[in-house]
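[1] predicted model and sequence follow; I will ask about them next.
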Amino acid sequence: MSNDIQISDEPLKRDLKGRHLTMISIGGVIGAGYFLGAGGAIQMAGPAVVISYFVGGFITILVMALLSEMAVAMPVAGSFQVYASKALGSRAGFMTGWTYWFAFLIGPASETIAAGTFLHLWFPVVPIWVFSLVVAALMTIVNVIGVLIFGEVEFWLSLIKVVALVGFIVWGCVAIFGLHIQSADFSNLWGASSSPSGFAPMGVAGVVGAMLIVMFSYGGTEAIGTAAEESRNPARDIPRALTGTVVRIVVLYVVSITVLVMVVPWQKLGVSSSPYVDAVTMLGGPVLGNIMNFVVLTAALSCIDTGVYATSRMLYSLSRDHYFPKVFSKVNEKRKVPVAAAIACCAVLFIGALVAYFWNNAYVWLAQVSGFGFLFAWLMIVLSQPGMRKIILKENPTALKWKAPFTPYLQYVAVVLIAATFIGQFFIPGGWQTIVAGVVWLAITLIYYQFVAKKSLAKAGMTSEKF
């Protein structure tokens, strides 16, 4: 691929403000993948899941710092897909963009299961698939109306769940230190009340095994990079939103998950309902439990909303760079939104309901597969940064307004931790199945590139295969 980015004649609208970018980053992360998926991670690792969330947050900070540098210097909708294409070649760029698209849509597809389940608890006579249909339609409307509407919706949905998490942390600490609720106790951290006991009852394998679900929870932070082209002031807002938001999320996750496993014995937590709803019900009764269920529902809607936004922009970018039919890079003249790309991404949301119909454990498995995809995209972000810095310094040095600190050591640590997470899956029951599913997807991606996308790129004179 040529180093000149192929920007469409139909630009996107720069309507996103700093507060929108911050909440988009939070919105893509704190969803049902955390409020519901935390139960699955806890079952794998026990109280030691706290370590899993801490390590996952550390990886997130490293990767987002590298992404910030590139997004400030070159704010484009395709974000790290474009950076991988320029730094590593068109094949790597396509694998990055298409795998991220897959990961970020499999995630919201599982969120539709969660949203339908939460609504079904209140209205049991209505099937889950009906609620999933309504949620998918609602998210389609929000994403085709315009980016400013999307930003406002995401801002308020994200604010609700952040306030709820902070409230839970405060309330849980009061219960642990002051109210003396029967099950809320520090001893829950080492699970002394029942078997298996201990802080890490499943050992190191359990901590590593929980990592893919944990990374699924953190996945979505990078969505801010796809919003760079629609930011009013990317040089100021992107580093602030990415690094600042990630630190907030890490604190919220690690602290809230610690409080959670102290409030409720970890053996009682799972994915049949949100562990946070269970904890709040225990602390305050069914009324407050229903309020928390509403918060979890808004979290699922928020994550779906961000997922459709980010993936539609990724599909838009892949299309305008000749990987897919040009219809997906067509922008509505009035609203400046890639409508076809948004509708195509919303259509994938129904996969979650379809899988759930045939498989009871669909949510956990989809979360793990999505976590694999996010980690692969993050690995490509890390590997792209050195090449992108060289290109930027050569072509437009003044664009390098913000540099990731401690490079290249920051990059080395990130690669080692990501690789360790992948390798560690082979040492836990069923972990290899997730890795195999991810490798099969990458193989399909390479086959499509070789026999379809490569020909389209060759016609446009853009093929470059460094990787």
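    It's in. All of these numbers come straight from a predicted model, not from anything done at the bench.
[2] relative to Ala453, how far out is the nearest residue to Lys330 once chain neighbours are set aside?
    Of all residues not flanking Lys330 in the chain, Ala340 sits nearest, at 5.9 Å (Cβ to Cβ, 6 or more residues apart in numbering). Every C-beta, even on glycine, is put in place using the N, C-alpha and C of the backbone. Distance, Ala340 to Ala453, using Cβ to Cβ, to the nearest Å: 18 Å.
[3] list the buried residues of the host helix or strand of the residue nearest to Lys330.
    According to DSSP states H and E, Ala340 maps onto helix 339-348. Applying a neighbour-count criterion of 16 or more other Cβ atoms under 10 Å, one finds Val339, Ala340, Ala341, Ala342, Ala344, Cys345, Cys346, Val348 buried in helix 339-348.
[4] so where's the stretch 301-450 of the chain shaky on pLDDT?
    When residues are selected by pLDDT under 70, those of the stretch 301-450 of the chain lie in 332-336, 352-353, 356-362.
[5] which ones are touching Thr421?
    By Cβ atoms under 8 Å, 6 or more residues apart in numbering, the contact set of Thr421 is Ile59, Val208, Met211, Leu212, Met215, Leu375.
[6] ok, back up a step: can you tell me which of the buried residues of helix 339-348 lies closest to Val327?
    Relative to Val327, the closest of the buried residues of helix 339-348 is Ala340; by Cβ to Cβ it sits at 5.0 Å.
[7] quick one: that closest one and Val331 touch, right?
    No - under the criterion of Cβ atoms under 8 Å, Ala340 is not in contact with Val331, lying 9.4 Å apart.
[8] still on that earlier bit, so among the contacts of Thr421, which ones count as buried?
    Among the contacts of Thr421, those scoring as buried are Ile59, Val208, Met211, Leu212, Met215, Leu375 (criterion: 16+ other Cβ under 10 Å).
[9] which of the residues you listed lies closest to Asn396?
    The closest of the buried ones among the contacts of Thr421, once distances to Asn396 are taken by Cβ to Cβ, is Ile59, at 29.8 Å.
[10] that closest one contacts Val415, correct?
    No - between Ile59 and Val415 there is no contact under Cβ under 8 Å: 10.2 Å.
[11] all strands for this structure, in order.
    Using DSSP state E, no strands are found in the chain.
[12] can you lay out the buried residues of helix 339-348 as JSON lines showing distance to Val263?
    Shown next, in JSON lines, are the buried residues of helix 339-348 (distance: Cβ to Cβ, whole Å):
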{"residue": "Val339", "distance to Val263": "45"}
{"residue": "Ala340", "distance to Val263": "46"}
{"residue": "Ala341", "distance to Val263": "43"}
{"residue": "Ala342", "distance to Val263": "40"}
{"residue": "Ala344", "distance to Val263": "42"}
{"residue": "Cys345", "distance to Val263": "37"}
{"residue": "Cys346", "distance to Val263": "37"}
{"residue": "Val348", "distance to Val263": "36"}
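[13] from those, which is closest to Tyr83?
    So of those, ranked by how close each gets to Tyr83 (Cβ to Cβ), first place is Ala341, at 19.6 Å.
[14] wait, the closest one touches Val331, no?
    No - here Ala341 does not reach Val331: they are 9.2 Å apart, not a contact under Cβ under 8 Å.
[15] okay, and the common contacts of the two?
    Residues touching both Ala341 and Val331 by Cβ under 8 Å, 6+ apart: Tyr316.
[16] what's the end-to-end length of stretch 391-402?
    15 Å (Cα to Cα, to the nearest Å).
[17] can you check stretch 399-408 too?
    Rule used - Cα to Cα; the end-to-end distance of stretch 399-408 is 20 Å.
[18] distance of the residue lying closest to Ala48 once chain neighbours are set aside relative to Trp432?
    Once flanking residues are discounted, Ala48 sits nearest to Ala200: 3.7 Å by Cβ to Cβ, 6+ apart. Distance, Ala200 to Trp432, using Cβ to Cβ: 22 Å.
[19] tell me, how many residues neighbour Phe186?
    10 (other Cβ atoms under 10 Å).
[20] contacts only, for Ile393.
    One thing to correct before we go on: residue 393 is Leu, not Ile. Leu400.
[21] no, scratch that, I was asking about Gly371
    Contact analysis of Gly371 by Cβ under 8 Å, 6+ apart lists Ala103, Met211, Leu212, Ile213, Val214, Met215, Phe216, Gly219, Thr434.
[22] how about the residues you listed in a markdown table, adding distance to Leu393?
    Converted to a markdown table, these look like this (distance: Cβ to Cβ, whole Å):
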| residue | distance to Leu393 |
| --- | --- |
| Ala103 | 31 |
| Met211 | 35 |
| Leu212 | 36 |
| Ile213 | 39 |
| Val214 | 35 |
| Met215 | 31 |
| Phe216 | 35 |
| Gly219 | 30 |
| Thr434 | 39 |
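[23] which of the buried ones among the contacts of Thr421 sits closest to Gly39?
    So of these, ranked by how close each gets to Gly39 (Cβ to Cβ), first place is Leu212, at 14.7 Å.
[24] ok, now how distant is the closest residue in space to that closest one that isn't next to it in sequence from Val170?
    Spatial nearest neighbour of Leu212, chain neighbours left out: Gly371 (3.7 Å); criterion: Cβ to Cβ, 6+ apart. Noted for Gly371: a distance of 29 Å to Val170, by Cβ to Cβ.
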